[in-house]
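Asks: Have a look; sequence and predicted model below, questions after that.
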Amino acid sequence: MHNLTIAEIAKGLQDRAFSSVEITEYLLARAKRLDRQFNSLITLTENEALDAASAADQRLAKSDAPALCGVPLIHKDIFCTQGVRTSCGSKMLDNFIPPYNATVIENFNRCGAVMLGKSNMDEFAMGSSNETSFYGPVKNPWSPDCVPGGSSGGSAAAVAARLAAGATATDTGGSIRQPAALCGVTGLKPTYGRVSRWGMIAFASSLDQGGPMARTAEDCALLLNCMASYDDKDSTSVNREVPDHCAELNNSLQGLRIGVPREYFSEGLDAGTEQAVQAALSEYQKLGAQLIEISLPNTGLSVPAYYVIAPAEASANLSRFDGVRYGYRCEDPHDLQDLYCRTRAEGFGGEVQRRILIGTYCLSAGYYEAYYGKAQQVRQLIRQDFVEAFKQVDLIMGPTCPSPAFPFGAKGSDPVAMYLEDIYTISTNLAGLPGMSIPCGLVEGKPVGLQIIGNYFDEARMLNAAHRYQQVSDWHNLAPEGIEQ
Amino acid sequence: MSIDKQAVKNLAQLARIAVSDNQINQVSEGLESVLQLVNQLQAADTSGLTTDTEQLSQHLRQDRVSETNQRDALQAVAPNTEDGLFLVPRVLD
């Protein structure tokens, strides 16, 4: 049952081949048996899952149930879930039980989906390896001494290990796409404003976006249909009709113009990865697409710009964690200053503290213009590169990551080495465009991802391109060897 | 633009994060490394670009009360409260 896709589970439930309670019990047992190998889950929500599964079975019996009714899913521990601990991978929120649901969670509840648990992640979504979680690192099911990627490492590993057919995740600089690539699964970051950020614990408000992870593009389309909505509680939510992202999946790719940025194929790209990506691009030509070399000249400025903007916004967003209204509080604070300073020093991990300090520096008097102001201008240059490119092409494709999964600790003590992991994904967030990663090969037994970047709100076309490729390739169907089959 | 000990202490105070004396060097090195990265921005030609966001529209709502009082539910997770107030260590003597 764990090898079924979301589409197959939904059909099985509608056809009464099995019940939601049956598949939920099966997956809960599987998670309990296997997850100690991966540490992909922070909280297993057994009682909530069984209650939701029973309720779903009742709705399914009436045969007007929504598409995802009864389907078990995992949610990244960054989405507030009412009555269920939401830790954001941090000691700061280890004791936090939200009194409300994130809009994304409400959407899934309305669709009758079942929550199996909350997945592990880099602390406050800051990281590319899932090594910074308060709950310990997540292991890549393809290679347990390697990282799964981050920050949505738990969701990616859980889907790769078939603990669930789908999971939610978030992406600020690549945190859906990069772990999807390193774990051999399909992940999509929607256009900024497509998915509500209400109840999604904020890291960098102008960059964060929630999105789906699953093994297939079709499954991601089903999840996106549910996740996307206009929400007036999120002032950055875009009031634009949500199309059925499944409707165009089978469209022909004849005449599709695919831009291949030369800057994404230069030094720093591992040879095996490049080969796998080029092979995928050849498949697209066979499907009728046209490859067009393009240039995104400001790509080299994207990592520096991001590491000003994201920490700056994070320093503002994380100032709410002060030990007063919720979350961790240090013991015996002797005055208010001590309460704040020690709560935050004890509650936050090293990477989070580093980013808050960098952000504080970039926003401080005397430096604001030179850093934050400059970075926002550079951001416009980066966005403009894409606007120009999309005048000649329909989609942009290239590698998701410079290389496959690396061993724990490999990026050492220099934070910048880790930051360069996101070189191909960051520009997409800065421009607010949608991006996705699909499996396109194995290098030394470890997965490699093809990144697809679309124009604003063009997720349906991206999913169509991904789906057509998945119909003529098998990479997305491969399961890691080490796991129970 | 380098970060010396005093600068780290100032930042720590602004950010309200305690940084102990024996952590300062490590913190300083980490920050220096990131600053080297972000200083690459200075080479970018951004002449003619503004930083204002005038062209973005602010989504406003009607000035009408629509929320209900949920103080008890929202305060249920607070470390220390009394009579609906959040308790913190004494600020004034």
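Replies: Sure thing, it's come through.
Asks: can you give me the helices for the stretch 301-450 of chain A?
Replies: Under the criterion DSSP state H, counting those that start in this stretch, helices of the stretch 301-450 of chain A are mapped to A:302-317, A:336-347, A:350-363, A:374-389, A:415-419, A:426-431.
Asks: Mean neighbour count, the ones you listed: which tops it?
Replies: Burial of the helices of the stretch 301-450 of chain A is given as mean neighbour count (mean count of other CB atoms under 10 Å in any protein chain shown); helix A:426-431 ranks first at a mean of 27. C-beta here means a position set from N, CA and C on the backbone, and glycine is covered the same way.
Asks: which residues touch it?
Replies: A:171-174, A:189, A:192, A:207, A:209, A:296, A:298-299, A:302-303, A:305-306, A:309, A:379, A:382-383, A:385-386, A:434-435, A:453 (CB atoms under 8 Å, 6 or more residues apart in numbering or on different chains).
Asks: Can you name the residues of the stretch 351-485 of chain A sitting close to chain B?
Replies: A:353-354, A:356-358, A:360-362, A:364, A:370-371, A:373-378, A:380-381, A:414-416, A:419 (CB under 8 Å from any CB of the partner chain).
Asks: what do you get if the cut-off is 7 Å, keeping everything else the same?
Replies: A:353-354, A:356-358, A:360-361, A:364, A:371, A:373-378, A:380-381, A:414-416, A:419 (CB under 7 Å from any CB of the partner chain).
Asks: which ones are touching the spatially most central residue of chain B?
Replies: Centroid-nearest residue in chain B, with CA atoms, centre = their mean: B:Ala15, separated by 6.3 Å. Applying CB atoms under 7 Å, 6 or more residues apart in numbering or on different chains, we find B:Ala15 in contact with A:315, A:356-357, A:360.
Asks: and it, how far is that from A:Arg354?
Replies: To A:Arg354, B:Ala15 is 11 Å away according to CB to CB, to the nearest Å.
Asks: Same question for A:Ile258.
Replies: Distance, A:Ile258 to A:Arg354, by CB to CB: 38 Å.
Asks: can you check A:Phe38 too?
Replies: From A:Phe38 to A:Arg354 the distance is 27 Å (CB to CB).
Asks: And for B:Ser47?
Replies: 32 Å.
Asks: again, but for A:Ala417
Replies: 14 Å.
Asks: Now the helices of the stretch 301-450 of chain A in CSV, please, with extra columns for mean pLDDT.
Replies: Below are those laid out as CSV (pLDDT from 0 to 100):
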stretch, mean pLDDT
helix A:302-317, 97
helix A:336-347, 97
helix A:350-363, 96
helix A:374-389, 96
helix A:415-419, 86
helix A:426-431, 98
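Asks: list the contacts for whichever residue of the stretch 51-200 of chain A sits closest to chain B?
Replies: Nearest residue of the stretch 51-200 of chain A to chain B: A:Pro99, at 4.5 Å (CB to the nearest CB). Going by CB under 7 Å, 6+ apart, A:Pro99 touches A:82, B:73-74, B:76-77.
Asks: Confirm it sits in a helix?
Replies: No: secondary structure of A:Pro99 (DSSP: H, G, I helix; E, B strand; the rest coil): coil, not part of a helix.
Asks: gap between the host helix or strand of A:Leu188 and the chain center?
Replies: Taking DSSP states H and E as the criterion, A:Leu188 maps to strand A:186-189. Using CA atoms, centre = their mean, to the nearest Å, the mean C-alpha position of strand A:186-189 is found 6 Å from that of the whole chain.
Asks: what about the helices in chain B?
Replies: Per DSSP state H, chain B carries helices over the ranges B:5-15, B:24-38, B:71-75.
Asks: Around chain A, pick out the residues from chain B.
Replies: Residues of chain B lying near chain A (CB under 7 Å from any CB): B:11, B:14-18, B:30-31, B:33-34, B:37-38, B:40-41, B:44, B:46, B:49, B:51, B:59, B:61, B:73-74, B:76-79, B:86, B:88-91.
Asks: Is it possible to mark the buried ones in these?
Replies: If you count burial by 16 or more other CB atoms under 10 Å in any protein chain shown, the buried members of the residues of chain B next to chain A come out as B:11, B:14-18, B:30-31, B:33-34, B:37-38, B:41, B:44, B:46, B:49, B:77-79, B:88.
Asks: which intervals of chain B have sub-threshold pLDDT?
Replies: Counting by pLDDT under 70, chain B contains low-confidence ranges at B:1, B:51-57, B:93.
Asks: right, and A:Asn120 touches A:Leu41 too?
Replies: Yes: using CB atoms under 7 Å, A:Asn120 is in contact with A:Leu41, at 6.4 Å.
Asks: So the two - more neighbours on which side?
Replies: Higher neighbour count among A:Asn120 and A:Leu41: A:Asn120, with 32 against 26, using other CB atoms under 10 Å in any protein chain shown.
Asks: residues in contact with that one?
Replies: Going by CB under 7 Å, 6+ apart, the list of residues near A:Asn120 reads A:39-42, A:77, A:89, A:130, A:133, A:135, A:138, A:153-154.
Asks: The same query, at a cut-off of 8 Å, please.
Replies: Taking CB under 8 Å, 6+ apart as the test, what A:Asn120 contacts is A:39-42, A:77, A:89, A:130, A:133, A:135-136, A:138, A:153-154, A:157.
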